[in-house]
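**Student:** need a structure here:
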Amino acid sequence: FEEYLEDKTNEPAIDIGSHCNKPYECDAKDYCWRVQRQIPEYSVFNIFNLGSKKQVELYSQGIVNIDDIDDNFDMTAIQKQKVQNYKSKTTYIDEEKIKEFVDTLTYPIYHLDFETFQQPVPEFKGISPFEQIPFQYSLHIEQEDGTLEHKEFLAQDGTDPREEIAKRLCEDIPDGATVLAYNMSFEKGVIKRLASSFEQFSSHLLNINENMYDLMVPFQKKYYVTPDMNGSYSIKYVLPALVPDMAKAYNDLDGIQNGSQAMSAFANMSKLGDVEKMKMRDSLLAYCELDTLAMVEVLKKLKEDIK
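**Tutor:** Prediction:
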């Protein structure tokens, strides 16, 4: 079987297209797109709301790079605007829309980020296989004058962290507080599962969800577009584009520099000795703290650019 996989002549003669993401992203997509066909990370497939039919039409004409799109190609006004912004390598800022977003946030703002891990065979009651189990959060509390307070929680390894993390969230975030997350569907999902599992905290946790806002919105809805974001609204691209110094700070972290590493570190922490375990806990705390501090800086940059 391994020999069969290594024989590239066995590769199916199927071109790329919308089917690569249906019903979910294919595991071979990176190979087919990047390795076989050299599709750049930002291509015609990234144009905002273009639709797969138009994307495939351009691709079938041999057009992959946005710079190669003819000015007369049939697109909506907003699509043409995004293409032109990219070609001219200019930054587009919809100040009115960004101001509307910023004005929805009332102080103090609670910047929240979770870290989670998964278990194929759950050790704890009431958890499904591969369910996201929260073990850590960071919370930067921002006052209107810019002052910050930091709170955090990191569970002990080998224990079910859910009840304690639910309790601490209710202690750290008051009812009615404005909570900000980046890609809040993840944070909301974590909190909703905690609310379902622990009735004594349910009302407070659901109140947190009701007052949560998504910092991703201005970038997802293209209120703020810069070529350095490569057409993406992922924090992986937004942060270095808006706050380069914060992006560099991740590279300076010792041991843990992304969410996958954090997940793996906590899942395997019980295998470490006391000294190594303490060092790993420090690394986890430093990483998660930087995540919410990055959100503070991104919001600050948005405000600066609409003054």
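**Student:** for Leu112, helix, strand, or coil?
**Tutor:** strand (DSSP: H, G, I helix; E, B strand; the rest coil).
**Student:** Surely it and Val296 touch.
**Tutor:** No: using Cβ atoms under 8 Å, Leu112 is not in contact with Val296; the gap is 11.5 Å. Glycine gets a C-beta too; all of them are placed from N, C-alpha and C.
**Student:** more neighbours, the two?
**Tutor:** Using other Cβ atoms under 10 Å, the more surrounded residue of Leu112 and Val296 is Leu112, with 28 against 21.
**Student:** how near is the more buried one to Gly146?
**Tutor:** 18 Å (Cβ to Cβ, to the nearest Å).
**Student:** And for Met216?
**Tutor:** For Met216, the distance to Gly146 - Cβ to Cβ - is 22 Å.
**Student:** more neighbours, the two?
**Tutor:** Met216 (18 against 9).
**Student:** what sits against that one?
**Tutor:** Residues counted as contacts of Met216 (Cβ atoms under 8 Å, 6 or more residues apart in numbering) are Tyr182, Asn183, Met184, Tyr233, Ile235.
**Student:** Low-confidence regions, the stretch 1-150 of the chain specifically.
**Tutor:** Applying pLDDT under 70 to the stretch 1-150 of the chain picks out residues 1-8, 48.
**Student:** what about the strands in it?
**Tutor:** 92-93, 109-117, 133-142, 148-154 (DSSP state E, counting those that start in this stretch).
**Student:** Tell me the strands beside the third one, with direction?
**Tutor:** Meaning strand 133-142. strand 109-117 (antiparallel), strand 148-154 (antiparallel) (DSSP bridges).
**Student:** do the first one as well
**Tutor:** Within its sheet, strand 92-93 is paired with strand 224-225 (antiparallel), according to DSSP bridges.
**Student:** helices and strands around the helix or strand following the strand it pairs with, which ones?
**Tutor:** Using DSSP states H and E, the helix or strand that follows strand 224-225 towards the C-terminus is helix 235-242. Where contact means 3 or more Cβ pairs under 8 Å, 6 or more residues apart in numbering; DSSP states H and E, helix 235-242 is packed against helix 244-251, helix 274-305.
**Student:** residue ranges of the helices in the stretch 1-150 of the chain, please?
**Tutor:** Using DSSP state H, counting those that start in this stretch, the helices of the stretch 1-150 of the chain run over residues 2-6, 29-30, 52-60, 77-88, 95-103.
**Student:** can you list these in a markdown table and add mean neighbour count and distance to Met269?
**Tutor:** Formatted as a markdown table, the helices of the stretch 1-150 of the chain follow (neighbours: other Cβ atoms under 10 Å; distance: least, Cβ to Cβ, whole Å):
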| stretch | mean neighbour count | distance to Met269 |
| --- | --- | --- |
| helix 2-6 | 7 | 34 |
| helix 29-30 | 12 | 30 |
| helix 52-60 | 15 | 43 |
| helix 77-88 | 15 | 44 |
| helix 95-103 | 14 | 38 |
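**Student:** Provide a list of residues in contact with Asp254.
**Tutor:** With Cβ under 8 Å, 6+ apart, Asp254 has these contacts: Ser283, Ala286.
**Student:** Checking it next. Helix, strand or coil?
**Tutor:** coil.
**Student:** For it, give its distance to Ile165.
**Tutor:** From Asp254 to Ile165 the distance is 25 Å (Cβ to Cβ).
**Student:** Kindly report the same for Ala13.
**Tutor:** Taken as Cβ to Cβ, the span from Ala13 to Ile165 is 50 Å.
**Student:** Could you do Gln156 as well?
**Tutor:** 11 Å.
**Student:** So if I had to pick from these two, which one is more boxed in?
**Tutor:** Between Gln156 and Ile165, counting by other Cβ under 10 Å, Ile165 is the more crowded of the two (24 against 12).
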